[in-house]
Each structure stands twice: as C-alpha cells, then as structure tokens.
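# I would like to see how this sequence folds:
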Amino acid sequence: KLAQGRGAMELGATQLQEKSMRIKGLECLVAILKCMVEWSRDIYVNPHSQSNLSSDHKSKEGEADLSKSVSSNDLGVKDNIEQIQNLKQQKEILEHGIELFNKKPKKGIEFLQKQGLIGPDPRDIADFLHKDDERLDRTVIGDFLGDPEDLNKNTMYLYVDMLEFKDKDLIQALRLFLEGFRLPGESQKID
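Got it, this is the predicted structure:
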C-alpha cells in the first residue's frame, strides 16, 4: 500500500481523472516494452548461426535467420502484450463482480455470468463459490446458499457435493464443511 503512494482521489482528482491517469500509465508501460523490443533487435545474437566471434565476417544466411527469428519474436511479444492486457481487463471485471457479489450476491452472479466468467449452470456458480478466494465474503456466501429459491438450493446441493469428506472423522468433516461460508443468522436459511 505504501509503495503505491497517495491515490489521485486523495489529491483532489475525480474518479474519471484517476482512471484516465491509470490508463495513460499502462499505455506508457506498453510503449516502454515496445522500445525494449526494438532495442533487443539490435543486440540479439542468434545462437544457431555459424559465425565465429573472432571474425567480423557474417554470412547472408545468418542475417536471414536473425531477421526471421526477430520478426517471429516480435509477433510473440505483441501477442504477449495483448494477452497481458486481456488478463488485466478480466481481473478488473472479476474484482468488480466480487465487489457486487459481496454487496448483493444475485447481482454479482448475474454480472459475472453476463461477462462470461461464470456459466449459467448452478454447478458453475458452486465452482465459483468453492474457489478459495479471500475476497468473497463468507457471510454473504452463507446467505446466498441458504436462500430458499431453487437456484440457490441447487447451488447449495452442488456446493456440498463438491466437498470431499472421505476418510475424515465427524469434527474434521464439519470443519471442512463450515470453512467455506458462515452460517446465516436466520434459522429459516439454515434449514
């Protein structure tokens, strides 16, 4: 937290301004990576070329191999940058979905389903709730699983079926069962 410094909002910037500053920062990092790729082209030595280090003589074959490998390397780097950007975007969507889930579970689930991060099946929802993600509020998970609607009940049954109780005594099994969620405060939801 300290390494991030003070947030822009603390300094009087609006949320939109802070978002645009973060995007500009990412664009700058991408530009730096592109410059590093260009720089690495100049110093790249092909380990498969037949050149002798003591002589300055370079064959045309070695230069052709070098240009081929650099161009394929450049394509790989561009794909890698795009892949990183996509992963970052998915992470932001997941963060927002978890935040929504912790406030209103049904809205969070619907948002994540619309974004394609969770499937429409109750099994997919149970998989999501089973992930050992500390950002998910255990009390909200318990309330969601205890809700009497059919989707919630089916999700609860699948959630419990995913737990592995084999070769565990009663106390270990209860601990395993209760570590993923908190029991709701209302007795109707516990039934």
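
# CA atoms for contacts and neighbours, from now on please.
Fine.

# those helices in this protein, which residues are they?
Applying DSSP state H to the chain gives helices spanning 15-43, 60-103, 105-114, 122-130, 138-146, 150-161, 170-178, 187-190.

# These into CSV, with extra columns for mean neighbour count and mean pLDDT?
Below are the helices of the chain laid out as CSV (neighbours: other C-alpha atoms under 10 Å; pLDDT from 0 to 100):
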stretch, mean neighbour count, mean pLDDT
helix 15-43, 13, 82
helix 60-103, 15, 70
helix 105-114, 18, 90
helix 122-130, 18, 87
helix 138-146, 21, 84
helix 150-161, 17, 86
helix 170-178, 12, 82
helix 187-190, 12, 54
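
# Count the residues that sit near Gln115.
Per other C-alpha atoms under 10 Å, the neighbour tally for Gln115 reads 14.

# residue contacts, it?
Contacts for Gln115 (C-alpha atoms under 8 Å, 6 or more residues apart in numbering) come out as Ile93.

# Regarding it, what are the backbone dihedral angles?
Note on Gln115: backbone dihedrals following degrees, to the nearest 10 are phi -80, psi -10.

# Got the confidence number for it?
Gln115 carries a pLDDT score of 88 in this model.

# distance of it from Leu94?
9 Å (C-alpha to C-alpha, to the nearest Å).

# repeat for Pro105
14 Å.

# Also Ile84?
15 Å.

# Lys88 now?
10 Å.

# What of Ile81?
20 Å.

# What of Leu129?
Leu129 is 13 Å from Leu94, by C-alpha to C-alpha.

# now do Gly108
10 Å.

# How about Phe165?
30 Å.

# for Leu112, same thing?
7 Å.

# Next: Asp127.
Asp127 is 14 Å from Leu94, by C-alpha to C-alpha.

# go on, Lys103?
Plainly put, Lys103 is 14 Å away from Leu94 if you go by C-alpha to C-alpha.

# what do you get for Asn154?
23 Å.

# and what of Asp124?
15 Å.

# Repeat that for Gln113.
Taking C-alpha to C-alpha, one finds Gln113 at 11 Å from Leu94.

# likewise Glu110?
12 Å.

# do the same with Gly25
Using C-alpha to C-alpha, we find Gly25 at a distance of 21 Å from Leu94.

# do the same with Gly12
28 Å.

# Same question for Ile32.
Taking C-alpha to C-alpha, one finds Ile32 at 27 Å from Leu94.
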